Every structure is written in structure tokens, then in C-alpha cells.
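Colleague: got a predicted structure plus its sequence, pasted below:
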Amino acid sequence: MNTPSADLSYAIGLDIGGTKTEAMVVDQQLHVHSRISKPTDTTNPKRVLASVTQTVYEALHLAKATAQQVQVIGVGIPGLVNPETGVVRQAVNLNLESYPLGAALKAEFDTPSFLENDVRAAAVGAFEYINRTEPVSHIAYLSIGTGVSAGMILDGRLHRGVNGMAGEIGHAIVEPDGVQCRCGTYGCLETIIAGPAIVRQALAADPTIGAPTSPDKITAGHVYTAAQSGNKAAQQIIQYVSRTIARTIQWLIMSYDIDKVLLGGGVARDGDAFLQPILHELAHLRMQSTLAREMLLDEKVARIPSDFNAGVWGAIWLAKQAVQQI
């Protein structure tokens with residue numbers, strides 16, 4: 001952390017989730033002055049705004065900064081986000097529907113705020129991260145956590161699509177006779193590789209996985225640990241999940257001819273236990289065709305480090321770009 005000065009101006013990045021809100025205060029040189037994570041109150045829109053603003057004020061206090069020094073606020077948030085209006089739709093886990101969060105934050109802090117879907121913001125953060133060491137122009141950021149989604153950077157620019165839904169691959173049907181998804185249809189990608197789906201499949205195969213942790217507290221991390229410890233049921237589940245992720249990576253690379261697929265989200269935090277089985281499955285895919293051998297190289301796949309908050313950084317970079325264009 002850096003010692004602030006009264007004449008500095010700051011940018012704030014927010015990653016608002018259904019469980020917690022993460023905030024970071026940086027100066028014009030992108031030096032970090034504070035970083036904080038607090039629970040998000042999702043009772044209703046008013047409580048969401050109150051908990052988010054409180055998190056911002058606490059982050060500013062830690063940075064020894066004031067709201068008057070804030071130049072811009074960047075926000076990554078789930079749901080359908082209109083970056084031009086700052087309105088959030090269908091943020092189910094936050095109980096927000098057609099909510100003008102951008103205007104609410106501007107009214108509270110008297111500074112411009114810019115919103116983006118959380119995964120797309122994270123894609124920007126991941127893109128900037130990888131370009132520190134490896135110049136690339138085309139990436140997919142594949143987020144695997146409670147849900148599944150991808151953010152696309154094509155030719156160095158965030159790709160949103162016609163309706164702002166580019167990359168919503170979690171609800172692509174990959175197993176038509178599979179489990180019903182929360183969206184209503186059957187066999188979505190999310191029902192196989194998302195964190196809760198991994199837990200559901202593992203407990204169905206072996207109810208003792210994760211013991212003595214109670215079943216309602218088990219996470220995908222418990223399943224990966226069980227697989228590494230030799231649990232056969234867990235190993236079979238992880239193999240199936242990894243094969244499906246590898247095929248998803250294949251689809252992204254073949255469809256968009258991209259430089260890199262960057263993996264993030266809660267499930268990806270399991271490190272090598274998460275990544276190595278995927279690379280193993282990609283090796284199997286390479287054996288099937290010459291094209292796969294050329295396109296599905298291990299170096300095209302990387303995991304974003306757990307200590308790098310791609311969502312917060314992406315929100316900051318997007319907001320600073322937007323301010324420069326005003």
C-alpha cells in the first residue's frame with residue numbers, strides 16, 4: 001500500500017456479488033491504497049446500495065482519502081448491464097431489476113460511475129494482466145464459479161454483442177437429456193461444470209465426500225481434495241468435469257481463433273488440482289486430429305492467480321477509459 005497525498009485523485013473499483021462486495025482504491029498511477037471485502041446486503045435494492053456505499057466509504061477511510069478526491073468509480077456486477085445508462089437488469093442474486101445503480105452511485109459520491117457485467121469486467125482485468133508479460137490481442141476469460149460465463153476480448157476490445165450477452169455460454173445446452181438448470185432448460189453447461197453442479201454430482205456418487213463437513217457446506221474444493229486423496233467417485237466426477245471444460249476451451253479457441261483462454265472464478269481457485277486435469281483432457285483432444293494438435297496447445301490456457309482480482313481491476317480500467325473519452 002502507498003501513502004496518499006491530499007492532492008491525489010483516486011479511482012475506485014467495485015466487484016459487487018451476491019455474497020460480498022470487494023472495493024479497491026487506486027491513484028492515477030494505479031498504485032493500490034486500500035483493498036476491502038464486505039458482505040453485500042441483498043434484502044432489497046435500497047439495502048444493496050447502502051451496503052455498497054458503506055464498503056466504498058470504508059475503503060476510502062483505509063486509503064486516508066475523501067469522496068471529494070474520487071475521480072471515477074468502476075463497477076462490475078452480475079446481470080444484464082447497460083454501460084451507457086448504468087441500469088442493471090436481472091441481477092437475481094442481488095434482487096435488482098431495472099435498477100439505476102450508476103445514477104445512484106453518482107448521486108451519492110458526486111462523481112462519474114461506469115458499470116459493466118462482472119464477467120466482462122473480469123475479462124478486461126484478465127486481458128490487462130496477461131499483457132504484462134505476454135502481448136495478446138484476442139482472449140476468452142472463462143469464469144467458473146456458482147455460474148459459468150465467458151468474457152471475450154477480440155482485437156483488444158471488449159466484445160459485448162448485440163444485446164450485451166456475448167459469452168453467456170453457461171446456458172449452452174451440452175447434454176440435452178441432462179439435469180434441469182435454474183434457467184428452466186435441461187443440460188446446460190452450468191449443470192456440469194459450475195461449483196454447485198460439481199458438488200451435486202459428487203454427493204450423488206458418494207455421500208461421504210467432504211466428510212466430516214456437512215453436505216450443505218461442501219464446496220467444489222472439497223471434491224477436488226477428495227479426488228487428489230484417491231476417492232474414486234470424486235476422481236470420476238473431476239475427470240468428467242475437466243473433459244467438459246476442455247471441450248469448452250476447444251469450442252472457444254476454434255470459434256474465435258483466440259490467443260489465450262484464461263480461467264477464473266471460484267472453482268478455478270483450486271489451482272493445479274483444477275488446471276492439471278483440464279490440460280490432461282486437452283492432450284487427449286490433441287490426439288484426435290491434426291487441427292487440434294495445432295490449436296489446442298497447453299500454452300493457450302492459463303489460470304488467473306487467486307490473489308489477482310480481475311473483476312475489480314477490470315472495472316477500474318474500464319472506468320478510466322470511459323473518463324478519458326468524456
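Modeller: Noted; the coordinates are in hand. Numbers count the residues shown, from 1 in each chain.
Colleague: who are the contact partners of the nearest residue to residue 175 once chain neighbours are set aside?
Modeller: Spatial nearest neighbour of residue 175, excluding adjacent residues (CB to CB, 6 or more residues apart in numbering): residue 187 at 3.6 Å. Using the backbone N, CA and C atoms, a C-beta is placed for each residue, glycine as well. Shown in contact with residue 187 (CB atoms under 8 Å, 6 or more residues apart in numbering): 173-179, 181.
Colleague: repeat for residue 160
Modeller: Taking CB under 8 Å, 6+ apart as the test, what residue 160 contacts is 83, 120, 166.
Colleague: make a markdown table from those residues and add pLDDT to it.
Modeller: A markdown table is the format used below for the contacts of residue 160 (pLDDT from 0 to 100):
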| residue | pLDDT |
| --- | --- |
| 83 | 93 |
| 120 | 97 |
| 166 | 92 |
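Colleague: neighbour-wise, which one of those leads?
Modeller: residue 120 (30 neighbours; other CB atoms under 10 Å).
Colleague: pLDDT score assigned to residue 92?
Modeller: For residue 92, the model assigns a pLDDT of 83.
Colleague: ugh, wrong one, I meant residue 271
Modeller: 87.
Colleague: likewise the one 3 residues further on?
Modeller: You'll see residue 274 listed with a pLDDT of 96.
Colleague: residue contacts, it?
Modeller: Here residue 274 is in contact with 224, 263, 267-268, 303 (CB under 8 Å, 6+ apart).
Colleague: distance of it relative to residue 224?
Modeller: Using CB to CB, to the nearest Å, one gets 6 Å for the distance from residue 274 to residue 224.
Colleague: what of residue 76?
Modeller: The gap separating residue 76 from residue 224 is 26 Å, by CB to CB.
Colleague: which of those two has more neighbours?
Modeller: The neighbour comparison of residue 76 against residue 224 (other CB under 10 Å) goes to residue 76, with 31 against 24.
Colleague: quick one, phi psi at residue 35?
Modeller: Here is the backbone geometry of residue 35 (degrees, to the nearest 10): phi -150, psi 130.
Colleague: partners of it in the sheet?
Modeller: For residue 35, the beta-bridge partners are residue 24 (DSSP bridges).
Colleague: how many neighbours does it have?
Modeller: 17.
Colleague: do the same with residue 132
Modeller: Quick note: residue 132 (other CB under 10 Å) scores 7 neighbours.
Colleague: for residue 237, same thing?
Modeller: 28.
Colleague: repeat for the one 3 residues further on
Modeller: Taking other CB under 10 Å as the criterion, the count of residues near residue 240 is 16.
Colleague: go ahead and confirm it touches residue 198.
Modeller: No. Here residue 240 does not reach residue 198: they are 9.5 Å apart, not a contact under CB atoms under 8 Å.
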